[in-house]
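S.K.: Here's a sequence, model it:
(2 chains)
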Amino acid sequence: MSEIAAGIAKASRWQVYIPASLRRAALAVLLALVCTGLLIVFSGKDPLVAYRAMLTGAFGSFDRIAVGLNKATPYILTGLGIALCFRARVINIGGEGQIAIGGLCASWVGIMLPLAHPVLAIGSALLASILGGMIWAGLAAAIHVGRRVHEVLVTLLLNFVALLIVGAALHGSLGEDGAGFPQSPLLPAEYWLPKLLKGTQLHYGILIAVVIAGLSHVFLWHTRYGFALRVFGSSRPAARYAGFSPAASTFTVMLLAGALAGLAGGIEVLGIHYRLIEGFSHGFGFNAVAIALLGALNPLAVVPAGLFFGFLETGALAMQRQVGVPSSLVTVIQGLTMLFVLAAMASANRKPGS
Amino acid sequence: MDAATLDFLVSALRIATPLLFAALGGILSERAGVFAVGLEGMMLAGAFGAAIAAFITGSAMLGLVASLACGACLAGVVAIVTVRFGAEQMVTGLAANIFAIGLTSFLLRSTVGRGQAPVIQVPLLQAWPIPGLADLPWIGPLLFQQPPLTYLALGITVPMFYFLMRSQAGLTLRAVGENPQAAYAIGGDPVAIRIWAVLAGGAIAGLGGAVLALQQIGTFTDAMTSGRGYLALAAIIVGRWMPFGTLVACLVFGAAEALYLRVQTIGLPISSYVVQMLPYIIAIVVLALMGRAARLPAAIGTAYDREAK
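M.R.: Just a heads-up that it's a prediction; the model follows:
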């Protein structure tokens, strides 16, 4: 019985950790920026000039901000799902494949189903993308739960299969004839996600992402499902004694994560490209893991973490154009931030009381 | 056996070579209890080191040394974060891969490229036919007319087996991966052993990158390992953490990809994408069939803390 009490106490104590974990995330970002600043010096440029170009590149005009917000949308959505998984200590790194399948399903509906009304059209395409992501994540969960294969391996290997399925579809029935690049034909205009602000590129995706972040927060902290999930994550024995089924908990978080990643894929297709493009989800899933960590697995904090990555990427392109610092520096910042967050999280867990 | 079959087998062996280096390196790390998800990045670092060093110095030998060093450097980052700080190993490996992709791409542009993506060409390592054996029918062209790193890859499988399964040091290393407390009790230092195992594994995985850069492609391009490290990870598990089993798994994956390259030319009625999926599907199916029998080293993924109970 004491184990249950300890598990529940630990689950609720997470809340107290949050400010500290966000401080650690901020420190990790700062350290990563300092390290990459040294790399900029090494490449013979002035880091302050480069970072200033990055800032103006990200926030210099409303169009730039719109691009950053659009880029952040799939990161926030996928990061939310992965944060929920990590809360339950289910490590899902299959975001990339789930996004790819989501985008595939949305474009398939867009091409095969001639719906004339935009609400119906967009609604059914996004629903298809959610279902597609859930199926892909559910497949991973079924192999993991049913056959005891480590979830990291299953989700990782399924990423490659998903990307190849998208490739096969684009070379088969969904491909555009004579495009020269593996892509689908343009979707009918009814399926295009409308702009949030007329005359800009900003579409409704960011609004959807922020609303879902709020819902995830409520789900995690104010419902008994969220509570069960946190108990499951902090102590497996406590969850078992309390009567929560491990298989059900694993399936729940995986399906939720798959739904969110699939939706991210659908929004990418309907909001940005208006068609399916081979490799459109490339790198999203792994960056989403970084964002979930950076947001300290806290749904509301995943939003700024995703925005940070989105603006970092738009800023880096401007930095490359203006200062000549390679934009791959962004990937260095992302990787280093992740490493610093991991080290900081782990060392804090090792010293109880910090 | 006809010429086409022979060509197919040679191609399978060629594709399996970089996988084999990475997988053997990964076995060292995983047997000591540290998940080797960072193999992709270590291979990439090795390929980068090999290509840059061979390009600047003109020496393939120095390229190999650089690939060992670069692989080990990235492994050092992984070792510090996982073994010293005790961070979640899978996610750390992933972070190391992202870091490696960014850093190699950045360094390529800022060192030799002056801000642009440069084209660096290095001469490919040529085949070393072994006198006498190379003229044997079938077996000769398959096994004895290979470039040097292929001999090395096949050659280190045997000492790796003896080191891991038959030597005292290998026993200690495996003990750390199974039960670090017990290994500590009999006088081993789990932290040091894990760090060394990860470093050595990274160096060997770096050689896998050198195979790509110096023996197969002849240059370095961004993210050129394109998932081979993850496939090597799957080969380790399919091979049940044993050097020879892993060798077989690498050859099977190599054969699957060699088949993919031939699907169009021989006109098989299947999509080349489906054939390309084969290695991943084989890995998933084998893992699912093995189920609980796929017994990982017991302490893998856990952090060892001497003070903790």
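
S.K.: Residue A:49: neighbour count?
M.R.: Residue A:49 has 14 neighbours, counted by other C-beta atoms under 10 Å in any protein chain shown. Heads up, the C-betas are built off the backbone N, CA and C, glycines and all.

S.K.: again with the one 3 residues further on
M.R.: Here the number of neighbours of residue A:52 (other C-beta under 10 Å) works out to 15.

S.K.: and what of residue A:37?
M.R.: 17.

S.K.: now it: how far from chain B?
M.R.: 13 Å (C-beta to the nearest C-beta, to the nearest Å).

S.K.: Next, residue A:43: phi, psi?
M.R.: When read as degrees, to the nearest 10, the backbone of residue A:43 gives phi -80, psi 10.

S.K.: Does it touch residue A:325 like I think?
M.R.: Yes - when contacts are counted by C-beta atoms under 8 Å, residue A:43 is listed as touching residue A:325 (6.4 Å).

S.K.: higher neighbour count, the two?
M.R.: residue A:325 (28 against 22).

S.K.: For the more buried one, give me phi and psi.
M.R.: phi -90, psi 130.

S.K.: give me every residue that touches it.
M.R.: A:40, A:43, A:45, A:50, A:319, B:110, B:115 (C-beta atoms under 8 Å, 6 or more residues apart in numbering or on different chains).

S.K.: what about the residue nearest the centre of chain A, which helix or strand?
M.R.: Chain A has residue A:78 as the residue nearest its centroid, 2.5 Å off, counting by C-alpha atoms, centre = their mean. For residue A:78, the element it lies in under DSSP states H and E is helix A:62-87.

S.K.: for that helix, packing partners?
M.R.: For helix A:62-87, the contact count by 3 or more C-beta pairs under 8 Å, 6 or more residues apart in numbering or on different chains; DSSP states H and E identifies helix A:47-59, helix A:95-112, helix A:205-222, helix A:224-234, helix A:246-268, helix A:284-294, helix A:299-323 as packing neighbours.

S.K.: let's go with 10 Å and repeat that
M.R.: In terms of contacts (3 or more C-beta pairs under 10 Å, 6 or more residues apart in numbering or on different chains; DSSP states H and E), helix A:62-87 is packed against helix A:47-59, helix A:95-112, helix A:118-147, helix A:205-222, helix A:224-234, helix A:246-268, helix A:284-294, helix A:299-323.

S.K.: Go through those and name the closest to residue A:178.
M.R.: helix A:95-112 (16.5 Å; C-beta to C-beta).

S.K.: Pull that closest one out as CSV, backbone CA atoms only.
M.R.: Extracted C-alpha coordinates of helix A:95-112, given in CSV (Å, rounded to 0.1, in the frame of the first residue of the first chain):
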residue,chain,number,x,y,z
GLY,A,95,6.4,11.0,-34.9
GLU,A,96,8.0,11.2,-38.3
GLY,A,97,6.2,8.1,-39.7
GLN,A,98,2.9,9.1,-38.0
ILE,A,99,3.2,12.6,-39.6
ALA,A,100,3.9,11.0,-43.0
ILE,A,101,0.9,8.6,-42.8
GLY,A,102,-1.3,11.5,-41.6
GLY,A,103,-0.3,13.6,-44.6
LEU,A,104,-0.8,10.6,-46.9
CYS,A,105,-4.3,10.0,-45.7
ALA,A,106,-5.3,13.7,-45.9
SER,A,107,-4.1,13.9,-49.5
TRP,A,108,-5.7,10.7,-50.4
VAL,A,109,-9.0,12.0,-49.2
GLY,A,110,-8.4,15.3,-51.0
ILE,A,111,-7.7,13.6,-54.3
MET,A,112,-10.3,10.8,-54.2
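
S.K.: related to what we said a few turns ago, if I follow the layout properly, the residue nearest to the centre of chain A ends up in contact with residue A:295?
M.R.: No - using C-beta atoms under 10 Å, residue A:78 is not in contact with residue A:295; the gap is 11.8 Å.

S.K.: between the two, what contacts are shared?
M.R.: Common neighbours of residue A:78 and residue A:295, using C-beta atoms under 10 Å, 6 or more residues apart in numbering or on different chains, are A:302, A:306.

S.K.: still on that earlier bit, tell me what angle the helix holding residue A:78 forms with helix A:118-147.
M.R.: Angle of helix A:62-87 versus helix A:118-147, following axes from the mean of the first three to the mean of the last three C-alpha atoms, to 10 degrees, is 30 degrees.

S.K.: buried sites along helix A:62-87?
M.R.: The neighbour-count check on helix A:62-87 (16 or more other C-beta atoms under 10 Å in any protein chain shown) flags A:64-87 as buried.

S.K.: low-confidence ranges in the chain?
M.R.: You didn't pick a chain, so chain A it is. Judged by pLDDT under 70, chain A has its weakly predicted residues at A:1-19, A:350-354.

S.K.: not quite, I wanted chain B
M.R.: B:1, B:114-117, B:264, B:267-269, B:291-294, B:306-309.

S.K.: The closest residue to chain B within the stretch 51-200 of chain A - nearest residue in space that isn't next to it in sequence?
M.R.: Closest contact between the stretch 51-200 of chain A and chain B, by C-beta to the nearest C-beta, is at residue A:168 (3.6 Å). Leaving aside its sequence neighbours, residue A:168 sits nearest to residue B:273 (C-beta to C-beta, 6 or more residues apart in numbering or on different chains; 3.6 Å).

S.K.: try residue B:160
M.R.: Here the residue nearest residue B:160, using C-beta to C-beta, 6+ apart, is residue B:243, at 4.5 Å.
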